[in-house]
Structure formats: structure tokens, C-alpha cells
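Peer 1: build me a model:
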Amino acid sequence: MPSSTGHAARLALAVLLFTLATVPAAGAEPRTPAAPTGAAAWTARPVAGGSGAGGTGKSAGRSYFYLEGPPGAVLQDRLSVTNPGTAPVTVRLRGVDTYRAGDGGRTARDGGKPTAGSGPGTGSGGRAGNGAGVGVGAWLRTATAKVVVPARTRAEVPFSVTLPTGSAPGDRSGAIVAESGGRSVGVRVRLRVGGPTLAALTVEDVIVSGKAVHYTLVNRGNTLLVPRITVSADGVFGPLLRRGTRTLPLELPPGRRVTLTEPWPDTPALDSVTVRLRVTAAGGAHDEASARARFVSWAPLTGAALPLPAAAAAAVYAYRRRRGHRRPWGGRQRGGAPAPAPYEDGSPARPPGGRRACDTRRLTKTGTGGES
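Peer 2: Sure, this is the predicted structure:
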């Protein structure tokens with residue numbers, strides 16, 4: 001019959017297990033609701049139905065601003081900043097010059113100087129840049145440099161672009177940069193200054209180096225250009241490279257130049273090549289340039305030249321051996337043995353295994369008898 005001590009031990013163990021299961025472990029922190037993420041959910045875009053792209057005034061959303069006017073005009077539009085989160089958001093605004101680089105990304109210039117995407121805001125009154133630039137970044141002014149957007153609210157911020165009286169006709173490219181909490185959003189501003197326009201594009205400094213063709217594009221007009229390029233290469237024996245016309249992933253503002261590289265991995269091993277580049281853009285802009293290059297691969301030539309010394313040595317050896325076989329008899333034989341002595345009548349000795357030069361031999365009379 002089980003003892004009372006065993007029952008007491010089992011009861012104490014059950015109570016201990018129940019206590020451990022219901023009491024949280026030491027050092028454990030109680031769970032708290034996740035922090036709201038509203039601070040990172042804000043957006044910035046053009047106000048729908050503004051004077052925006054193409055001046056159509058449609059209510060559909062716009063992805064960028066488009067403004068156009070003559071020199072001296074003041075152009076206006078509005079930026080929409082939306083905060084769908086549960087906490088207020090403070091957004092700083094500034095204007096910059098922008099252009100698309102050769103790698104497809106965009107490069108910003110704050111007041112005409114290169115700037116990082118998360119640099120400091122503008123000064124009081126929302127003046128973009130330091131006034132030293134000559135593009136959108138210097139001409140753009142927001143109504144405020146900082147806007148506080150409450151939770152679940154949308155704020156509209158007016159801005160203006162003042163075109164200097166002496167500004168040259170043509171296209172400009174810029175952006176309004178909105179920053180908050182380490183996050184930066186850029187909204188493009190495309191600007192056209194009225195007046196006569198000129199589209200001019202040149203390709204310069206074409207160099208063939210290694211397995212690539214390097215060249216420089218220059219926008220010498222006053223309109224924003226998106227270049228297209230055609231590449232060809234011809235060698236001594238015919239065509240080597242044919243690449244059809246394609247659009248480059250960049251925008252070239254007026255007065256800007258960019259250096260690009262065209263890869264050519266399958267260059268010839270031995271040839272004289274002429275490379276031609278032809279570039280075009282909207283408005284009739286076009287240009288063409290060429291460069292010559294000689295490709296010489298020393299590895300095949302070195303491999304072909306290695307047998308030459310061996311062949312020369314073999315030829316010399318064969319020549320000497322053949323000359324040794326033609327050496328006349330007399331003096332010493334090959335191997336150091338003396339040559340055979342001549343006959344009594346002075347005719348040369350017969351070489352071993354050979355025949356005597358003359359088969360008749362003069363008879364010498366012997367004895368004292370008379371002639372019979």
C-alpha cells in the first residue's frame with residue numbers, strides 16, 4: 001500500500017510545475033503594441049489638376065511638374081505632402097538642379113553645386129540654394145522651408161519659379177526635395193524658358209582602349225536632349241561590329257557634357273580597325289566621329305616564333321654533316337685512321353670498297369733475259 005510520503009511528494013511536484021507554467025520567467029518583458037510606422041509612410045507629389053504637365057489641367061495625378069514661360073515670368077504650382085500615419089510629420093523642402101547621369105540615376109545640384117540627396121534644408125523663406133546657380137535650383141522658392149503635416153492629413157505647399165530677365169531660352173531640369181526622418185523624396189520640375197530653341201549635339205574624344213570605346217557627348221544647344229547612338233567598326237577584311245540605334249539612359253541639359261563607355265568584349269586579335277559613332281537627338285541634332293585602332297596580340301606571334309631557333313639549329317647541323325660527307329680522300333680518314341697510300345705510279349689509292357680510277361697498270365719488265 002503506497003505510503004503518505006509518496007503522495008505528498010507527487011502533490012508538491014505538481015504544484016511546482018503549475019507555478020512554473022503560469023509565472024513569467026525572470027527578466028522577461030511584457031509585450032507592447034508595435035510602434036506606429038506612420039512617420040515613414042508620407043508621400044510628396046504634384047497637386048492633381050494644377051498647371052502641371054503640359055498645362056492640361058486634368059485631374060489625373062502627375063508624376064512631375066512642367067512649367068513654361070518667357071524670360072522674366074513668375075511661374076507657380078503646388079506640392080502635395082500626404083501623411084497617412086498616426087503621428088505628425090515634419091517635412092523640409094528645398095529646390096535643386098537635376099539631370100540624369102550616364103548610369104540611369106539622377107544627380108542633384110543644390111544651387112548649381114553638387115549635393116547629396118539628404119543634405120541640409122534651404123534658408124529662411126524656402127529659397128533654394130545659395131543664389132549662385134543658373135537653373136531651377138536657384139530660381140525656385142517654396143512658400144515655406146518646413147511644413148508640419150498632422151496625422152491622416154494632406155498639406156499643399158505653393159511654390160514659384162522666377163525666370164530671370166536675361167535667362168537664355170531652352171530647357172531646364174530640377175526637383176523639389178522633401179526630407180523627413182532620414183528619408184528623401186524628389187519631385188521633378190521640368191522648365192522651359194520661351195524663345196528660339198536650338199538643338200545641337202556633338203560627340204568628341206573618341207578613343208578605343210582595351211575592350212571598350214570611350215567618348216564624350218556635349219549639348220551645345222539650349223534644349224534638353226535625350227541622345228541616341230549607333231556604333232559600327234570595320235577592319236581590314238570587313239565589318240567587325242554593328243550595333244543598331246538605341247536611346248541612351250540619360251538626359252543632357254544645355255551646356256553639359258558627359259563621358260561614356262561603350263563595351264566591346266570581342267575585339268579582334270590582329271587587325272586595323274576604324275570605329276564610327278553616330279549620335280542623334282530630337283530637334284534634328286546629330287553628329288558623327290570616328291577613331292582608328294590597331295590590335296596586335298603578341299601571344300600567337302610569340303608561340304609561332306618559338307620553333308624558329310630549333311629549326312635554324314637543325315638546318316646548320318644538317319649542312320655541316322652533308323659537307324663532311326663530301327670531304328675528299330687524303331690526309332686522315334674519319335675516326336683518325338690514316339688514309340691509304342697511293343700506288344707506285346702515283347695514281348690515287350682506291351677508297352675502301354671502291355674501284356681504282358684506272359683499270360690498266362703499266363707492266364714492268366723483270367729479269368735479264370731478252371725479249372721473246
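
Peer 1: what is the neighbour count of R320?
Peer 2: 9 (other C-beta atoms under 10 Å). (Glycine included, C-beta is placed from N, CA and C.)

Peer 1: and what of T261?
Peer 2: 12.

Peer 1: state the helix or strand in which it lies.
Peer 2: Element membership for T261 (DSSP states H and E) is strand 257-263.

Peer 1: got the phi/psi numbers for the closest residue to T267 other than its chain neighbours?
Peer 2: Closest residue to T267 apart from its sequence neighbours, by C-beta to C-beta, 6 or more residues apart in numbering: K211 at 5.4 Å. The phi/psi pair for K211 (degrees, to the nearest 10) reads phi -110, psi 40.

Peer 1: right, and K211 touches A269 too?
Peer 2: No: in this structure, K211 is not within contact of A269 by C-beta atoms under 8 Å, at 11.9 Å.

Peer 1: tell me which helix or strand in the protein has the weakest average pLDDT.
Peer 2: For the chain, using mean pLDDT, DSSP states H and E, the weakest element among its helices and strands is strand 113-114, scoring a mean of 41.

Peer 1: helices and strands around whichever helix or strand comes after that one, which ones?
Peer 2: Remark: after strand 113-114, the chain's next helix or strand is helix 136-139, criterion DSSP H and E. Applying 3 or more C-beta pairs under 8 Å, 6 or more residues apart in numbering; DSSP states H and E, one finds that helix 136-139 contacts strand 89-100, strand 153-162, strand 170-180, strand 183-193.

Peer 1: averaged pLDDT, helix 136-139. What do you get?
Peer 2: Predicted confidence along helix 136-139 averages 91 (mean pLDDT).

Peer 1: so for that helix, what gets flagged as buried?
Peer 2: V136, G137, A138, W139 (16 or more other C-beta atoms under 10 Å).

Peer 1: cool, and stretch 180-200?
Peer 2: Of the residues in stretch 180-200, 180, 184-193, 199-200 count as buried by neighbour count, 16+ other C-beta under 10 Å.

Peer 1: got TSV for these, with distance to F295 and pLDDT too?
Peer 2: Converted to TSV, the buried residues of stretch 180-200 look like this (distance: C-beta to C-beta, whole Å; pLDDT from 0 to 100):
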residue	distance to F295	pLDDT
S180	55	93
S184	47	92
V185	49	92
G186	44	93
V187	49	94
R188	44	93
V189	47	94
R190	44	92
L191	47	92
R192	46	92
V193	48	92
A199	36	93
A200	34	95
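
Peer 1: any chance of these in CSV, plus distance to S232?
Peer 2: Putting the buried residues of stretch 180-200 into CSV (distance: C-beta to C-beta, whole Å) gives the following:
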residue, distance to S232
S180, 50
S184, 42
V185, 42
G186, 38
V187, 40
R188, 35
V189, 38
R190, 34
L191, 37
R192, 35
V193, 37
A199, 24
A200, 23
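
Peer 1: identify the residues contacting G72.
Peer 2: L163, P164, T165 (C-beta atoms under 8 Å, 6 or more residues apart in numbering).

Peer 1: ChimeraX command for the buried members of these?
Peer 2: If you want just the buried ones from those in ChimeraX, going by 16+ other C-beta under 10 Å, the selection is:
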select :163
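
Peer 1: can I get the contacts of G72 in JSON lines with pLDDT and distance to T274?
Peer 2: Supplementary listing: the contacts of G72 in JSON lines, determined by pLDDT from 0 to 100; distance: C-beta to C-beta, whole Å:
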{"residue": "L163", "pLDDT": "94", "distance to T274": "46"}
{"residue": "P164", "pLDDT": "92", "distance to T274": "46"}
{"residue": "T165", "pLDDT": "90", "distance to T274": "49"}
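
Peer 1: nearest to G283, of the contacts of G72?
Peer 2: Taking C-beta to C-beta as the measure, G283 lies nearest L163 of the contacts of G72, at 21.1 Å.

Peer 1: you'd agree the closest one is up against E68?
Peer 2: No: shown here, L163 and E68 do not form a contact pair, counting by C-beta under 8 Å, at 9.8 Å.

Peer 1: and for those two, which residues touch both?
Peer 2: What both L163 and E68 touch, as defined by C-beta under 8 Å, 6+ apart, is the set L75, V193.

Peer 1: and A314, what element?
Peer 2: Using DSSP H and E, the element containing A314 is helix 307-325.
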